[in-house]
Each structure stands twice: as C-alpha cells, then as structure tokens.
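S.K.: Just need the structure, nothing else, for what follows:
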Amino acid sequence: MPTSFLGSALRGTFFFIFGLWWSVRYPLKYLRRKAGAESQPGHGTHRVEVLEGMVKAFFALAGILVEQFVPTGPHLQLYSPKTHSWVDLAPWHYTTIYLFFLLSGLVDVLSHSPLKLPLGLDRLSLALALLVEGLLFCFHDYGDAVLDHHLHSLLVVAIFAGALCALLEVFLRDHIILETFRTSSFLLQGSWLWQIGFVLSPPWGGPGWDQTDSSNVAFLTMCFCWHYAGILAVLAANSAASRCCNESCQLKFGDIDVELDCGVCLRRGPKGSDGALLPESTLDDK
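M.R.: The predicted model follows:
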C-alpha cells in the first residue's frame with residue numbers, strides 16, 4: 001500500500017503516546033497495589049480508564065476523517081460505477097483499522113459507565129482492534145515491493161503480540177507482566193511505524209530504500225530487534241522513575257494518602273483496621 005511519511009508518523013505517534021503513558025501508569029498502579037493502598041479500583045482509576053477511552057476514540061475518529069476527506073481521499077466512495085472498480089482501497093484499509101479502535105474507545109468508556117458492562121469487555125475490544133489491524137496488514141497485496149512487505153510483516157509481529165496480551169487480560173485482569181508486555185508492543189508499533197516512514201518515504205524527499213537489495217531486509221530485521229532493545233530500556237527507566245516518584249510521595253505524606261477525587265485525606269491505620277477519614281478544612285474552621 002502507498003506509504004507517506006506523515007501518515008506513518010502520525011499513526012506511530014498514536015501508539016507511542018499510549019505506550020509511554022502506560023509505561024508510567026502501570027508501574028505506579030502495581031506499586032500502590034503492592035503497598036496495599038489500592039486493593040480495589042477507586043473512582044480515580046475508573047476516571048483514568050474513561051479518559052483513555054475518550055482519547056482513543058477521538059484519535060480514531062480524527063484518523064477516519066483525515067483518511068476519507070483529505071483532497072486525495074475517497075470521500076466515502078468505495079466503488080465507482082463508471083469505471084466498475086474499487087476506489088483507492090488504501091484509505092479504506094486505514095479507515096477500517098481506525099473504526100475498530102474507535103469501537104474499542106467507546107467500549108472503554110461504556111465499561112466504566114452506569115451500564116456496568118462485563119469486566120474484560122474493554123480488553124476484548126482492544127484485542128479485536130489489534131487483530132483486525134494485523135489481519136489487514138497480513139493479507140494486503142504488496143506486489144513486487146519485497147522490502148515494503150518485510151517491513152509490515154515485522155510490524156504484524158508487534159501487532160499480534162499486543163493482541164495476544166490484550167486477549168489474555170480478559171481473563172487475567174491487572175497482571176503487571178501482561179500489561180508491561182502490551183505496553184512494549186504498543187511502543188514497538190509506534191517506533192516501527194516511524195521507521196517505515198523513513199525507509200519508504202524519507203521526509204527529506206527522494207526515493208526510498210532499494211526494494212530488491214536483500215541486505216536491506218537483513219539490516220532492517222536486525223534494526224527491529226534494536227528498536228525493541230531501546231523500548232525495554234525506556235520501560236526500565238520509566239519503571240524506575242515511577243518507583244522513585246511513589247517513594248517520594250510516601251515520604252512527603254507519611255501515613256496520609258491524598259484522595260483528590262473524594263476531597264478528603266485518608267489516614268492509614270494499623271494493618272487490618274480501617275482508615276480514618278479526615279475532612280478538609282473549610283472556611284468555617286478558620
């Protein structure tokens with residue numbers, strides 16, 4: 001499929017933003033749960049899930065509109081009666097991918113609404129979106145573009161890895177290893193989409209890499225492994241930063257947890273005893 005640098009970079013940025021956010025959020029959540037400060041999901045956790053769903057749906061909807069209504073887009077026309085042929089299927093390919101991520105974002109929001117959708121449906125919808133993405137890349141006709149096919153085949157590895165993790169999370173909720181691996185797959189998708197843009201459509205102009213040179217295939221396979229090594233370093237650094245942030249907050253507040261969404265402070269008592277709620281000071285107390 002035709003690949004532009006800007007389109008590939010924008011799609012990569014979407015995955016990279018989510019991956020970076022999760023690389024901080026999940027270690028913090030794990031540390032809090034390990035310390036016993038978050039035995040059950042609170043209102044703050046639900047709000048974060050809803051916000052993630054809204055952001056995902058927004059990006060997906062924006063992607064659909066861009067793919068369809070740019071000057072060279074199909075403008076929702078799939079088949080031309082005049083030529084008796086399909087109309088530019090590449091934008092429809094990406095529109096289909098964005099559609100399933102849009103559905104995933106809506107399910108995220110509805111899962112934490114008063115509708116009380118079954119737990120795990122949000123992860124299932126994410127797994128389906130990734131499976132559709134991988135399926136469309138797998139069965140696209142790349143023709144004689146060997147390098148293009150190889151680049152997207154490597155991308156499919158990251159896609160299906162993330163889909164497998166999301167599917168397992170339907171049954172193993174809040175599993176830090178699965179969450180971390182899914183995060184790494186999203187970061188890998190993001191960085192590799194940027195790499196695809198540089199290889200096939202360099203931003204400085206000119207032709208892309210030689211499609212017939214087998215050494216390019218060998219190098220890019222090795223480069224794919226380097227991308228993942230760099231992502232593991234990012235995950236380790238963000239996990240360490242999350243741990244330092246968590247410890248500094250504990251030192252700052254001592255035995256008091258600040259619950260911003262409730263507007264109260266919660267003083268932790270001895271193990272096995274309930275905490276005491278300390279109301280915030282009001283103007284009448286002054």
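S.K.: How much space separates residue 174 from residue 125?
M.R.: According to CB to CB, to the nearest Å, residue 174 and residue 125 sit 17 Å apart. The way it works is simple: take the backbone N, C-alpha and C, and place the C-beta from them, glycine included.
S.K.: Looking at these two, which is more packed in?
M.R.: The neighbour count for residue 174 versus residue 125, taken as other CB atoms under 10 Å, is higher for residue 125 (24 against 14).
S.K.: doesn't that one fall inside a strand?
M.R.: No - residue state for residue 125 (DSSP: H, G, I helix; E, B strand; the rest coil) corresponds to helix; a strand is not indicated.
S.K.: Next, the contact list for it, please.
M.R.: Contacts for residue 125 (CB atoms under 8 Å, 6 or more residues apart in numbering) come out as 103, 104, 107, 108.
S.K.: how does it look with 10 Å?
M.R.: With contact set as CB atoms under 10 Å, 6 or more residues apart in numbering, residue 125 has these partners: 53, 100-101, 103-108, 110-111, 117, 166, 170.
S.K.: Which entries within those meet the buried criterion?
M.R.: By neighbour count, with 16 or more other CB atoms under 10 Å, the contacts of residue 125 hold 53, 100-101, 103-108, 110-111, 166, 170 as buried.
S.K.: Filter these down to the ones in helices?
M.R.: 53, 100, 101, 103, 104, 105, 106, 107, 108, 110, 111, 166 (DSSP state H).
S.K.: any chance of those residues in JSON lines, plus pLDDT and distance to residue 199?
M.R.: Listed next are those as JSON lines, based on pLDDT from 0 to 100; distance: CB to CB, whole Å:
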{"residue": "53", "pLDDT": "91", "distance to residue 199": "33"}
{"residue": "100", "pLDDT": "97", "distance to residue 199": "26"}
{"residue": "101", "pLDDT": "96", "distance to residue 199": "24"}
{"residue": "103", "pLDDT": "96", "distance to residue 199": "31"}
{"residue": "104", "pLDDT": "95", "distance to residue 199": "28"}
{"residue": "105", "pLDDT": "94", "distance to residue 199": "30"}
{"residue": "106", "pLDDT": "94", "distance to residue 199": "34"}
{"residue": "107", "pLDDT": "94", "distance to residue 199": "34"}
{"residue": "108", "pLDDT": "92", "distance to residue 199": "33"}
{"residue": "110", "pLDDT": "91", "distance to residue 199": "39"}
{"residue": "111", "pLDDT": "88", "distance to residue 199": "38"}
{"residue": "166", "pLDDT": "95", "distance to residue 199": "28"}
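S.K.: for these, which one is nearest residue 221?
M.R.: When those are compared for distance to residue 221 (CB to CB), residue 166 wins out at 25.4 Å.
S.K.: pretty sure that closest one contacts residue 133?
M.R.: No - using CB atoms under 10 Å, residue 166 makes no contact with residue 133, being 11.7 Å away.
S.K.: Can you list phi and psi of residue 80 for me?
M.R.: phi -100, psi 110 (degrees, to the nearest 10).
S.K.: quick one: it from residue 54, how far?
M.R.: Between residue 80 and residue 54 the distance is 36 Å, computed by CB to CB.
S.K.: which residues of the stretch 1-150 of the chain score low on pLDDT?
M.R.: 1-2, 37-44 (pLDDT under 70).
S.K.: need the helices for it, in chain order.
M.R.: Secondary structure of the stretch 1-150 of the chain (DSSP state H, counting those that start in this stretch): helices at 5-34, 43-69, 89-111, 121-138, 146-169.
S.K.: again with the stretch 151-286 of the chain
M.R.: 176-200, 214-253.
S.K.: Most tightly packed of these?
M.R.: helix 176-200 (a mean of 22; mean count of other CB atoms under 10 Å).
S.K.: Centre-most residue in this protein?
M.R.: Among the residues of the chain, the one closest to the centroid is residue 18, at 3.9 Å (CA atoms, centre = their mean).
S.K.: now that residue, nearest residue through space, not along the chain?
M.R.: In space, and not counting its chain neighbours, residue 18 is closest to residue 186: 5.3 Å by CB to CB, 6 or more residues apart in numbering.
S.K.: any idea how far the one you found is from residue 56?
M.R.: 11 Å.
S.K.: ok, now residue 10?
M.R.: 15 Å.
S.K.: more crowded one of these two?
M.R.: Using other CB under 10 Å as the criterion, residue 10 and residue 56 rank with residue 56 on top: 23 against 17.
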